[in-house]
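In: I'll drop the sequence and a predicted model, then ask my questions.
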Amino acid sequence: MTLAILVLRLIVGILAFPMYLLNLLGVWNWICKMWFPYFLSRFTVMYNEQMASKKKELFSNLQEFAGPSGKLSLLEVGCGTGANFKFYPPGCRVTCVDPNPNFEKFLYKSVSENRQLQFERFVVAAGENMHQVADGSVDVVVCTLVLCSVKNQEKILREVCRVLRPGGAFYFMEHVADERSTWNYFWQQVLDPAWYLLFDGCNLTRESWKTLEQAGFSKLKLQHIQAPLSWTLVRPHIYGYAVK
């Protein structure tokens, strides 16, 4: 099986040679940062349509974590185009963090379409280093389709715990590796190197639930599902929330 994966990876690598060459020359990352927001602006429309019921279920109890003032302070890490805004409760104070500044114009379009929210600021930063956000300053942190592409999952979860107030919650929805006995997992392994370059650092084979289980949250509510998505490779999902 391992040999078959290596052979097929080689074939995919040959077919994707121009992309690998541009990456070797240091150009591909710049191209990807420019085009990825346009791709994601279209992909998230489809994703929200197909995952609407799961997102509504996931975010249904957000307001329970609001502070004494009754207003929910929420930090979204890897906010992208602001695709989650429509699922947040009215009056929610939202701060967004993303390492790609090219998302900004798409983000503000989402802000204009979701006037029920109180948008505070957009911070250009990686989730592993959110020093602009104060310790214990937010009620909730949200992270969807982000843990697949961060450089260090353990570090980003430490940052999440740092910025959350005691009793605050971390909400997540992520695509993950399929069960190892499946053909889908086989193809995830084959396509992972090319997928990583094509989709701005996204990994198909991460077992993110393991990192969440070891992050030291006082409570973790996590479910595995096969998401009702058109793309088979990203159907395996986890979603839920964890309490600091």
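Out: Looks like it came in fine.
In: switch to C-alpha atoms for all contacts and neighbour counts from now on
Out: Fine.
In: For the top helix by length along the chain, what does the pLDDT average out to?
Out: Scanning the chain for the helix with the most residues, using DSSP state H, yields helix 28-58. Per-region confidence: helix 28-58 scores 91 on mean pLDDT.
In: just how off-centre is it within its chain?
Out: The chain centroid and the centroid of helix 28-58 are separated by 10 Å under C-alpha atoms, centre = their mean, to the nearest Å.
In: For it, which helices and strands make contact with it?
Out: Counting contacts by 3 or more C-alpha pairs under 8 Å, 6 or more residues apart in numbering; DSSP states H and E, the secondary-structure elements packed against helix 28-58 are helix 17-24, strand 236-243.
In: Any chance of a markdown table for these, columns distance to Gln153, mean neighbour count and mean pLDDT?
Out: Putting the helices and strands packed on helix 28-58 into a markdown table (distance: least, C-alpha to C-alpha, whole Å; neighbours: other C-alpha atoms under 10 Å; pLDDT from 0 to 100) gives the following:
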| stretch | distance to Gln153 | mean neighbour count | mean pLDDT |
| --- | --- | --- | --- |
| helix 17-24 | 24 | 14 | 87 |
| strand 236-243 | 15 | 20 | 97 |
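In: Let me know which of these is the nearest to Met51.
Out: strand 236-243 (10.9 Å; C-alpha to C-alpha).
In: Compare the helices and strands packed on helix 28-58 and report which one is nearest to Phe119.
Out: Phe119 sits nearest to strand 236-243 of all the helices and strands packed on helix 28-58, at 22.5 Å, using C-alpha to C-alpha.
In: picking that back up, with distance to Glu104 as added columns, please give the helices and strands packed on helix 28-58 in CSV.
Out: What follows is these, written out as CSV (distance: least, C-alpha to C-alpha, whole Å):
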stretch, distance to Glu104
helix 17-24, 25
strand 236-243, 26
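In: out of these, nearest to Val190?
Out: Nearest to Val190, of the helices and strands packed on helix 28-58 and by C-alpha to C-alpha, is helix 17-24 at 15.4 Å.
In: chain center to that closest one, what's the gap?
Out: Computed by C-alpha atoms, centre = their mean, the chain-centroid distance of helix 17-24 equals 25 Å.
In: Repeat that for stretch 226-235.
Out: Stretch 226-235 sits 15 Å away from the centroid of its parent chain (C-alpha atoms, centre = their mean).
In: in it, what counts as buried?
Out: If you call a residue buried by 16 or more other C-alpha atoms under 10 Å, then stretch 226-235 has these buried ones: Ala227, Pro228, Leu233, Val234, Arg235.
In: List of residues touching it?
Out: When contacts are defined by C-alpha atoms under 8 Å, 6 or more residues apart in numbering, stretch 226-235 is touched by residues 47, 50-51, 175-176, 184-185, 187-188, 204, 225, 236-237.
In: ditto for stretch 33-41
Out: Applying C-alpha under 8 Å, 6+ apart, the set of residues contacting stretch 33-41 is Gly80, Thr81, Asn100, Asn102, Phe103, Phe106, Phe199, Asp200.
In: Who are the contact partners of the residue lying closest to the second one once chain neighbours are set aside?
Out: This means Thr81. Distances taken as C-alpha to C-alpha, 6 or more residues apart in numbering put Leu107 closest to Thr81, at 4.6 Å, once the chain neighbours are dropped. Contacts for Leu107 (C-alpha under 8 Å, 6+ apart) come out as Cys79, Gly80, Thr81, Gly82.
In: Alright, calling it a day.
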